[in-house]
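A.B. asks: What shape does this take:
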Amino acid sequence: PQDSEVCVLLGYLQLCLGNSSATTTLQDAVAQTSSRALRKSLAGMAKIYLALALDSQELGDSQVRAEQLVREGLGLHRNLQHVWRAQEKLLPQ
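C.D. replies: I've put the predicted structure just below:
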């Protein structure tokens, strides 16, 4: 899809359904949101969802990339950053 919001939503739905094409869709979404002057939160969502997709693949390099995308995504999406940090505090160390 050419529309960035639609691309992010499609990737999210594919991710939720366990569809293997989620990674490709979300990579496209990250590229689209990075290349345009769009809402930072949309770019942040795309990066977080891509990180989750990569993490689910459990490949060596994808783990490092996923962690990087989470940091970048949280920096762009302040509301999600707040929720993420609150959830981290609830996890056992």
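A.B. asks: from here on, contacts and neighbour counts on C-alpha atoms
C.D. replies: Will do.
A.B. asks: Please work out how many residues are found near Ala43.
C.D. replies: 27 (other CA atoms under 10 Å).
A.B. asks: I'd assumed Val30 was in contact with it.
C.D. replies: Yes. Between Ala43 and Val30 there is a contact under CA atoms under 8 Å: 6.4 Å.
A.B. asks: Can you point out the helix or strand that includes Cys16?
C.D. replies: Using DSSP states H and E, Cys16 sits within helix 4-17.
A.B. asks: For that helix, buried residues please.
C.D. replies: Neighbour counts over helix 4-17 (16 or more other CA atoms under 10 Å) mark Ser4, Glu5, Cys7, Val8, Leu9, Leu10, Gly11, Tyr12, Gln14, Leu15 as buried.
A.B. asks: after that helix, next one along is what?
C.D. replies: helix 22-35.
A.B. asks: okay, the following helix or strand past that next one in CSV with CA atoms only?
C.D. replies: Where DSSP H and E defines the elements, the next helix or strand beyond helix 22-35 is helix 40-57. Output of helix 40-57 as CSV, limited to C-alpha atoms (Å, rounded to 0.1, in the frame of the first residue of the first chain):
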residue,chain,number,x,y,z
LYS,A,40,6.3,11.0,14.6
SER,A,41,4.0,8.6,16.4
LEU,A,42,3.2,6.8,13.1
ALA,A,43,6.9,6.3,12.4
GLY,A,44,7.3,5.1,16.0
MET,A,45,4.5,2.6,15.7
ALA,A,46,5.9,1.2,12.5
LYS,A,47,9.3,0.7,14.1
ILE,A,48,7.9,-1.0,17.2
TYR,A,49,5.7,-3.3,15.2
LEU,A,50,8.6,-4.2,13.0
ALA,A,51,10.7,-4.9,16.1
LEU,A,52,8.0,-7.3,17.3
ALA,A,53,7.9,-9.0,13.9
LEU,A,54,11.7,-9.4,13.9
ASP,A,55,11.7,-10.6,17.5
SER,A,56,9.2,-13.3,16.6
GLN,A,57,11.6,-14.7,13.9
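A.B. asks: and after helix 40-57, which helix or strand comes next?
C.D. replies: helix 60-76.
A.B. asks: Check the offset of that next one from the chain's centre.
C.D. replies: Chain-centre distance of helix 60-76: 8 Å, with CA atoms, centre = their mean, to the nearest Å.
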